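Asks: Okay, structure incoming, though there's no sequence with it:
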Ligand code: APR
């Protein structure tokens, strides 16, 4: 496939690659995405995931924590070949960073170092107190729900605990957003993997990269509004696609 060859050539030529990922990179790990048929927003009401509703309604908090304890934070989920391909870019010295909308921790698990991951929508592996702002590992909090404490409170100050993912209507972590914007504006290749690119400000990142002169590549099962600006677009599954691309990259680097 010519597009696989083209993406491999872009990677070989690039010095500072930013990879931008969405829920589509994790579907092959068993986590549903949001907007594909049967996705999360087909099963749950996004309105229940707003920050305002969480802080103002005990019932919403109870529902949220129940959902989390039912394994929505599926800790035994493993990275798939797409995540490992991105970690391989890091080992080749080609990856500047991963900017992800995902809260599933899979880039870390695949071997991308902490300082190369920017989680724009937070991370579900932690709970944060809205009063004292202390963070607690989710595996410390979730067992309380199984013990019948339906809405856990902060172990430190008894304040309101919230999963550390960004809810609708909640501000994104500002330092992360600023750094992700800077990285997007200073890379030479920006690769989108598994995102509809419809949620802002995250979806501005590829726009910033393009405006700064980077080449854009998109690996996504379905078309996106940014396909028209991309040097290469591959509408197929991320796992098999990135495996093929990395095989070609290795071949070219060892020629
Ligand atoms: N390989 C490649 N692409 C895939 C795969 C796959 N195996 N599986 C799904 N996709 C594509 C889908 O076609 C879709 O275009 O990934 C995209 C996933 O899009 P969304 O479900 O909208 O997920 P995302 O773009 O990450 O959503 C952004 O919306 O609800 C909020 O906070 C949530 O971070 C999320 C944000």
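Replies: That came through fine. These numbers come from a predicted model, not from an experiment.

Asks: Count residues in the vicinity of the residue lying closest to residue 224 once chain neighbours are set aside, would you?
Replies: Of all residues not flanking residue 224 in the chain, residue 197 sits nearest, at 4.6 Å (Cβ to Cβ, 6 or more residues apart in numbering). To be clear about C-beta, it is placed using only N, CA and C from the backbone, and glycine gets the same treatment. Using other Cβ atoms under 10 Å, residue 197 has 21 other residues around it.

Asks: repeat for residue 139
Replies: 11.

Asks: Okay, it and residue 182: tell me how far apart.
Replies: Per Cβ to Cβ, to the nearest Å, residue 139 is found 33 Å from residue 182.

Asks: One more: residue 96?
Replies: 10 Å.

Asks: quick one on the thing from earlier: the residue nearest to residue 224 and residue 229 touch, don't they?
Replies: No: with contacts counted by Cβ atoms under 8 Å, residue 197 stays clear of residue 229, the gap being 10.6 Å.

Asks: so what's residue 48 up against?
Replies: 60, 63-64 (Cβ atoms under 8 Å, 6 or more residues apart in numbering).

Asks: out of the residues you listed, which is most surrounded?
Replies: Busiest of these [other Cβ under 10 Å] is residue 64, holding 20 neighbours.

Asks: For residue 93, pull up the helix or strand it's in.
Replies: Under DSSP states H and E, no helix or strand contains residue 93.

Asks: quick one, phi/psi of it?
Replies: phi 80, psi 20 (degrees, to the nearest 10).

Asks: Count residues in the vicinity of it, would you?
Replies: The number of residues near residue 93, taken as other Cβ under 10 Å, comes to 7.

Asks: Also the one 10 residues further on?
Replies: For residue 103, the number of neighbouring residues by other Cβ under 10 Å comes to 22.

Asks: Contact partners for the closest residue to residue 52 other than its chain neighbours?
Replies: Nearest non-adjacent residue to residue 52, counting by Cβ to Cβ, 6+ apart: residue 169, 5.6 Å away. Shown in contact with residue 169 (Cβ under 8 Å, 6+ apart): 50-52.

Asks: Can you tell me how far residue 169 is from residue 49?
Replies: The value you get for residue 169 to residue 49, if Cβ to Cβ is used, is 9 Å.

Asks: And for residue 141?
Replies: Distance check for residue 141 against residue 49: by Cβ to Cβ, it reads 18 Å.

Asks: what do you get for residue 164?
Replies: Using Cβ to Cβ, we find residue 164 at a distance of 14 Å from residue 49.

Asks: show me where the stretch 151-255 of the chain has strands.
Replies: 161-165, 189-193, 215-219, 232-234 (DSSP state E, counting those that start in this stretch).

Asks: Contacts for the third one, please.
Replies: Under the criterion Cβ under 8 Å, 6+ apart, residues 7, 10, 14, 188-194, 206, 209-210, 224, 226-227, 229-234, 236, 238, 241-242 lie in contact with strand 215-219.
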